[in-house]
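> Quick one: sequence plus predicted model below, questions after.
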Amino acid sequence: MITAPLLTAILASVLLQAPPARSEPPAEAPNPETANLREIRQLTFPDRFTKAGEAYFSPDMTRMIFQAIEVPAEGATADEFYAMFVADVVRDGDGRVASLANIRRLSPPGSANTCGWFHPADPNRILFGSTLAPPTESAPPGYQRGSGRYRWMFPPGMRIVECDLRTADGTANTLKVLAGDGTAYVAEGSWSPDGRSILYCSLASGQGDLVVKDLETGEERTIVAVPGYDGGPFFSPDGNRICYRSDRHGNNLLQVFVAELERDAAGRVIGVRREHQVTDDGNVNWAPYWHPAGRHLVFASSAAGHRNYEVFLVDAADLSDASPPRLQYGTALRRVTFGEGADVLPVFSPDGRFLLWTGQRGADRSSQIYVADFVMDLAPPSSQMPDLRSDRVGSRDQPRGGER
């Protein structure tokens, strides 16, 4: 029998015991994307486009050009090829890119289109690659990696066209051919910063060569013509260099290159003086694009896996005039995106405030356009980051333009 004193002692013991500690939920791991990206926002959506991507700002940042395939009307079949679109950029109260408005198609119905670009001084002038009519081949030859899912096509009827946004009506009637005669793939074009030249990829020789066309004289000059596919070129912000992707080793592992341009006394581009290999590894590294300050490149890489491309930032500084000379190509590598789906085709806004890219972050994993505030964090990259460099990364002299 429990006596009163014993019961009192038991109750006192129970009341004096500390309550069981609550189990706290595990702390969320910090998001590594915040090192360089803030306020990620989606700009295109699967209710309008089955897929969209490769977007670029106009120089005044009031417009955006991109390629996409629209959701077909009920009972209809979606287009097989990308069309080219332009849209107005809508800002929020803090000046951030918030959405797109007044989206309209520029390319002819049924045509295959790619690589839109704005004139550096006139936001009403744009160029892009187009077949102008439905491609004559149902399955044009393409570039692909057998173990992955990326692929792009090389329709032989592709040429570079220009149009004025004030008169463009989505037909071939308002498009002017700048380069290509319809017999070989000519695309991946962009204007030089001064608007005098366009730079593009041509398969006229049977491989991907880089060509510059002087729009004042009409002269075309091949400036990179080594074995293998070279494509996706852009002038540096100061117009003195170009960046591009290359299958230089013929193994379908694209690498990032930069070359210094050579000009004649009249200022015409006549070739490249020196080529710098920025990456050289077992990954596919493609779609390089300059930061407006001219020191860094962003690009997409399979370093995290061939089924999950991510965006990386790398140093592409030319400090050869420093004392002592210091070439920093391929250094200070860092990973920028960490999404579950592929993140590719990164580009900076003209003022460097925003990063624009094509991502597969939605529930349906369709390719859509995303934008974020870009923070230039120059802290040393983590030791856990993939190393995209090898002993072969470096510089080499290249033949001058026109030599094969």
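Right, received. Where do you want to start?

> burial of Gly218, as a residue count?
Around Gly218 sit 7 other residues, with neighbours defined as other Cβ atoms under 10 Å. To be clear about C-beta, it is placed using only N, CA and C from the backbone, and glycine gets the same treatment.

> quick one: it is in a strand?
No: secondary structure of Gly218 (DSSP: H, G, I helix; E, B strand; the rest coil): coil, not part of a strand.

> does Leu210 sit in a helix, a strand or a coil?
Counting by three-state DSSP, the backbone at Leu210 sits in strand.

> which residues does it bridge with?
Taking DSSP bridges, one obtains Cys201, Val224 as the residues bridged to Leu210.

> so it touches Cys201, yeah?
Yes: counting by Cβ atoms under 8 Å, Leu210 touches Cys201, with 6.3 Å between them.

> Show me the common contact partners of these two, please.
For the pair Leu210 and Cys201, residues contacting each of them under the criterion Cβ atoms under 8 Å, 6 or more residues apart in numbering are Asp230, Gly231, Pro233.

> Return the distance of the closest residue in space to the second one that isn't next to it in sequence relative to Phe257.
Counting by Cβ to Cβ, 6 or more residues apart in numbering, the nearest residue to Gly231 once its immediate chain neighbours are dropped is Cys201, at 3.9 Å. Noted for Cys201: a distance of 13 Å to Phe257, by Cβ to Cβ, to the nearest Å.

> Identify the contacts common to these two.
Common neighbours of Cys201 and Phe257, counting by Cβ under 8 Å, 6+ apart, are Asp230.

> Can you name the residues that contact Ser349?
Taking Cβ under 8 Å, 6+ apart, one finds Phe57, Met61, Val97, Pro292, Leu355, Leu356 in contact with Ser349.

> What is the nearest of these to Gly218?
If you rank these by distance to Gly218 using Cβ to Cβ, Phe57 comes first, at 28.8 Å.

> and the closest residue in space to the closest one that isn't next to it in sequence, backbone torsions?
For Phe57, ignoring the flanking residues on the chain, the nearest one in space by Cβ to Cβ, 6+ apart is Ser349 at 5.1 Å. For Ser349, the backbone dihedrals are phi -70, psi 160 (criterion: degrees, to the nearest 10).

> gap between Ser349 and Ala372?
Separation of Ser349 from Ala372 (Cβ to Cβ): 11 Å.

> Tell me the residues that contact both of those two, please.
Here Ser349 and Ala372 have Leu355 as joint contacts, going by Cβ under 8 Å, 6+ apart.

> May I see the buried residues of the helix or strand hosting Glu275?
Assigned by DSSP states H and E, Glu275 belongs to strand 269-277. Using 16 or more other Cβ atoms under 10 Å as the test for burial, strand 269-277 gives Val269, Ile270, Gly271, Val272, Arg274, Glu275, His276, Gln277.
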